[in-house]
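Colleague: Predicted model and sequence follow; I will ask about them next.
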Number of protein chains: 2
Amino acid sequence: MSKKPTSSDVARHAGVSQSAVSRVFTPGASVSPDMAKRVRASADALGYRPNALARGLITGRSRIIGLVVAYLDNPFYPDAIEKLSNALQQQGYHLLIFTTGKHGIDTDTVIQDILDYQVDGLILASITITADLTKRCAEARIPLVLFNRGLPGSGLSAVTSGNQTGGRRIAEFLLAGGHERIAHISGFDGAQTARDRLRGFQDGLDAAGAPLHAHLPGKFDRATASEAARALMDRPDPPDAIFVANDHMALAVMDTLRHDLGVRVPDDISVVGYDDVPMAAWPAYDLTTLRQPSRRMVDATVEELMTQIEIPAAPRRRVEIDGPLVIRSSARIPEGWTS
Amino acid sequence: MSKKPTSSDVARHAGVSQSAVSRVFTPGASVSPDMAKRVRASADALGYRPNALARGLITGRSRIIGLVVAYLDNPFYPDAIEKLSNALQQQGYHLLIFTTGKHGIDTDTVIQDILDYQVDGLILASITITADLTKRCAEARIPLVLFNRGLPGSGLSAVTSGNQTGGRRIAEFLLAGGHERIAHISGFDGAQTARDRLRGFQDGLDAAGAPLHAHLPGKFDRATASEAARALMDRPDPPDAIFVANDHMALAVMDTLRHDLGVRVPDDISVVGYDDVPMAAWPAYDLTTLRQPSRRMVDATVEELMTQIEIPAAPRRRVEIDGPLVIRSSARIPEGWTS
DNA sequence: ACGGTGTTTGCATAGGTATTCAACCCGACT
DNA sequence: AGTCGGGTTGAATACCTATGCAAACACCGT
């Protein structure tokens, strides 16, 4: 016995029709208070709860949002996922999570799998998607939001921080600090986020007529970033400041500089990151960094999803949310720098 | 147009019955090679993929595993989730994730929500469950596995590391190092994992006739752990070694000791953690810690789920996987200590 | 008392798939 | 040639719920 009770079981128990039971559990349906009371009583007695799968099948709304994410070792993402999950739960949605792994299970395959679940929406975090797949999503009318990635010209919704503005601001900060050999360890060339940060940074330097002293790719990866830091310091003219494209790498760079190369931060060299992950605030690093307002980014993502679900024809929006430069001690602070 | 094609659409297109289409997409069903080819051709032409919801409704298997997790700021969990997700995907299952948040959305409510999705199994990570809920799960025949938590006497499946053994091993290590005032910052009293680590630690001290110098709760939380560290060092007889119940807290303790209190680690005091999260290996901390073999724990969890799904009557198992003590530099290393 | 308005309820059906059952075909064996 | 059997196929049904439709009902004003 003790299979899960169905709405018909409840109906029989309460002496009403199955439709009535359904209506009691459907917000906004027409039910008399008396009916509601009887049905709920029976439902509680039997331990009935509506079957979300059957419900999703008939309404065409699964109330599931697919999340595709490559890796979770950058602490920005766990933090964001936690907030995303909470925000979505508040709206009655839930996250079906798919990881591609760094060993690159084919992203497209993974997304195909997700679509099978009739998700009401799709969030891609630090993932790029092929044009073919975006077309399929569009055809299936599945809202798609890129989180922390943009794909300009794709016409896709995307939520990021103001990467270009942020990069520029960091350049200004380092210049104001009197740095003369300013280097950059970038992310992954294929990621618009990385390109925008570099672009803004470069613009900021250009505006002051300052050169970008050196530039190496870090691939959003600790090992590669460390390697890049070593390479930079090996040069005959090592930099006196490095902007690292995200905190995850910046922390690795600081480790390498201090413990591997015996360089003092910020005395010998300034380091600035991007994201403001929780660890950036830890005293061991105390990293100056440009904050990505994850809460607001998450809220924007959820809002974008919800409006697209409500109004399929709604225009795709690209949301950029600027964050403040959080000044800590990993980079020299310019005289009289305010704000 | 361009609604998602159904199996009937494919059937019509291929001039066969809907059953045939279904069979082609059902592994192990009886289909002739010719039929398979024709159907697949039509399916590809229309872009058909089976609807996982409908499939789940009729088979009673959603191929979804629910994961309930409280918080993701302890980096042990993101790491484990990533591995879990990968392992499950390999088996054709996917993770529906639910967060309770620290502000304690009612765990029971959350689990109720999960059950609505007809999940094939449930993983609870760092979550305790009420007896009422376990009963409901049992009645619904939903496999339940506790990850990194145990609930002795509950008859539930649980996968943990050998917490007691580990705690004891740490005691032996600290004793061998000649420490005389050994303190402990524990986790959360309600968590068996925390109790086991303490128990083993205490046993190890007892076996040598050594006292536990002091013991404060850390609630698995950075702020509380820092507070505890401060309190310990404020005493007239501060400890010369602290075993902190997990790395997440241990890193906070190290930060507080070094940057807040100006105490040197390990010169003035030894710190040992538990988990071996990725950050423990970072040079800024280089934390001596007992490794929880997350890969093997994940594999055991998945295996346990799969066997319970296959064989509902299978006995619930409690799996404990011992991990090695990873010796780094945050704690004095005993003379001639090997292994 | 009656028509009208607005609310509640049940009936029947749909949504997309897997699976049982019977029908079928075809080759093989006696 | 006839029968048996394995392998394929299609028709019909079930899974569980939401919803359009029409019937039933209550209530109001005149």
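Modeller: Thanks, I have it.
Colleague: Report the beta-bridge partner residues of the most centrally placed residue in chain A.
Modeller: Chain A has A:Phe147 as the residue nearest its centroid, 4.4 Å off, counting by CA atoms, centre = their mean. Counting by DSSP bridges, A:Phe147 is bridged to A:Ala125, A:Val159.
Colleague: does DNA strand C sit close to the worst-scoring helix or strand of chain A on mean pLDDT?
Modeller: Here the helix or strand of chain A ranked lowest by mean pLDDT, DSSP states H and E is helix A:131-139, holding a mean of 83. No. Judged by CB under 7 Å from any atom of the strand, helix A:131-139 stays clear of DNA strand C, getting no closer than 14.1 Å. Just so you know, the C-beta spots here come from the backbone N, C-alpha and C atoms, and that holds for glycine as well.
Colleague: Do any residues in that helix lie close to chain B?
Modeller: Yes. Contact of helix A:131-139 with chain B (CB under 8 Å from any CB of the partner chain) involves A:Arg136, A:Glu139.
Colleague: So for the residue nearest to the centre of chain A, what's the pLDDT?
Modeller: In this model, A:Phe147 is scored at 96, pLDDT.
Colleague: how close does it get to A:Met297?
Modeller: Distance from A:Phe147 to A:Met297, counting by CB to CB, to the nearest Å: 7 Å.
Colleague: anything in contact with each of these two?
Modeller: A:Ala80, A:Val159 (CB atoms under 8 Å, 6 or more residues apart in numbering or on different chains).
Colleague: Would you tell me which residues of chain A are close to DNA strand D?
Modeller: A:3-4, A:6-8, A:18-19, A:22-23, A:25-26, A:29, A:48, A:50-51, A:54-55, A:57-59.
Colleague: hmm, try it at 10 Å
Modeller: A:3-11, A:17-30, A:32, A:43, A:48-61 (CB under 10 Å from any atom of the strand).
Colleague: same for the least confident helix or strand of chain A, what does it pack against?
Modeller: Contact analysis of helix A:131-139 by 3 or more CB pairs under 8 Å, 6 or more residues apart in numbering or on different chains; DSSP states H and E lists helix A:107-116, strand A:144-147 as its packing neighbours.
Colleague: deepest of these, which one?
Modeller: strand A:144-147 (a mean of 25; mean count of other CB atoms under 10 Å in any protein chain shown).
Colleague: list the buried ones in stretch A:85-93?
Modeller: Residues of stretch A:85-93 classed as buried by neighbour count (16 or more other CB atoms under 10 Å in any protein chain shown): A:Ser85, A:Asn86, A:Ala87, A:Leu88, A:Gln89, A:Tyr93.
Colleague: any idea of the mean pLDDT for that stretch?
Modeller: 94.
Colleague: anything in it near chain B?
Modeller: Yes. With CB under 8 Å from any CB as the criterion, chain B is reached by stretch A:85-93 at A:Ser85, A:Asn86, A:Gln89.
Colleague: Among the residues you listed, which one sits closest to DNA strand C?
Modeller: Closest approach to DNA strand C among the residues of stretch A:85-93 next to chain B (CB to the nearest atom of the strand): A:Gln89, at 24.4 Å.
Colleague: Surely the closest one is within a strand?
Modeller: No. Using DSSP: H, G, I helix; E, B strand; the rest coil, the assignment for A:Gln89 is helix, not a strand.
Colleague: Does it touch B:Thr99 like I think?
Modeller: Yes. The pair A:Gln89 and B:Thr99 passes the contact test of CB atoms under 8 Å, sitting 7.2 Å apart.
Colleague: Name the helix or strand for A:Gly336, please.
Modeller: Per DSSP states H and E, A:Gly336 falls between elements, in no helix or strand.
Colleague: How many residues are close by it?
Modeller: Per other CB atoms under 10 Å in any protein chain shown, the neighbour tally for A:Gly336 reads 6.
Colleague: what's the spacing between it and chain B?
Modeller: Per CB to the nearest CB, to the nearest Å, A:Gly336 is found 26 Å from chain B.
Colleague: same thing with A:Ile81?
Modeller: With CB to the nearest CB as the criterion, A:Ile81 and chain B are 7 Å apart.
Colleague: any idea which element that residue lies in?
Modeller: Per DSSP H and E, A:Ile81 falls inside helix A:76-90.
Colleague: follow-up on the earlier one: can you give me the buried ones in the least confident helix or strand of chain A?
Modeller: A:Leu133, A:Thr134, A:Arg136, A:Cys137.
Colleague: got it, and stretch A:41-58?
Modeller: Applying 16+ other CB under 10 Å to stretch A:41-58 flags A:42-43, A:46, A:48-57 as buried.
Colleague: Identify the residues contacting that stretch?
Modeller: By CB under 8 Å, 6+ apart, stretch A:41-58 touches A:4-7, A:9-10, A:13-14, A:21-22, A:24-25, A:62-64, A:118, B:51, B:53-54, B:56-57, B:62, B:112, B:115-118, B:136, B:139.
Colleague: ok now that stretch, how far from the chain's centre?
Modeller: 33 Å (CA atoms, centre = their mean, to the nearest Å).
Colleague: Using CSV, list the CA coordinates for that stretch.
Modeller: Provided in CSV are the C-alpha atoms of stretch A:41-58 (Å, rounded to 0.1, in the frame of the first residue of the first chain):
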residue,chain,number,x,y,z
ALA,A,41,-9.2,18.0,5.4
SER,A,42,-9.3,14.9,3.2
ALA,A,43,-6.0,15.9,1.6
ASP,A,44,-4.3,16.2,4.9
ALA,A,45,-5.8,13.0,6.1
LEU,A,46,-4.4,11.1,3.1
GLY,A,47,-1.2,13.1,2.9
TYR,A,48,-2.0,14.3,-0.6
ARG,A,49,0.1,16.8,-2.5
PRO,A,50,-0.3,17.6,-6.2
ASN,A,51,2.0,15.9,-8.6
ALA,A,52,4.2,18.6,-10.0
LEU,A,53,5.0,16.5,-13.1
ALA,A,54,1.4,15.9,-14.1
ARG,A,55,0.7,19.5,-13.3
GLY,A,56,3.6,20.6,-15.5
LEU,A,57,2.5,18.3,-18.3
ILE,A,58,-0.9,19.9,-18.6
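Colleague: Spell out which parts of the stretch 51-200 of chain A neighbour chain B.
Modeller: Proximity of the stretch 51-200 of chain A to chain B, by CB under 8 Å from any CB, involves residues A:51-54, A:56-57, A:62, A:64, A:71-73, A:75, A:77-79, A:81-82, A:85-86, A:89, A:94-99, A:101, A:105, A:110, A:112-113, A:115-118, A:136, A:139-141.
Colleague: sorry, back to before: and the residue nearest to the centre of chain A, what does it touch?
Modeller: By CB under 8 Å, 6+ apart, the contact list for A:Phe147 reads A:Ala80, A:Ile123, A:Leu124, A:Ala125, A:Ser126, A:Ala158, A:Val159, A:Met297, A:Thr301.
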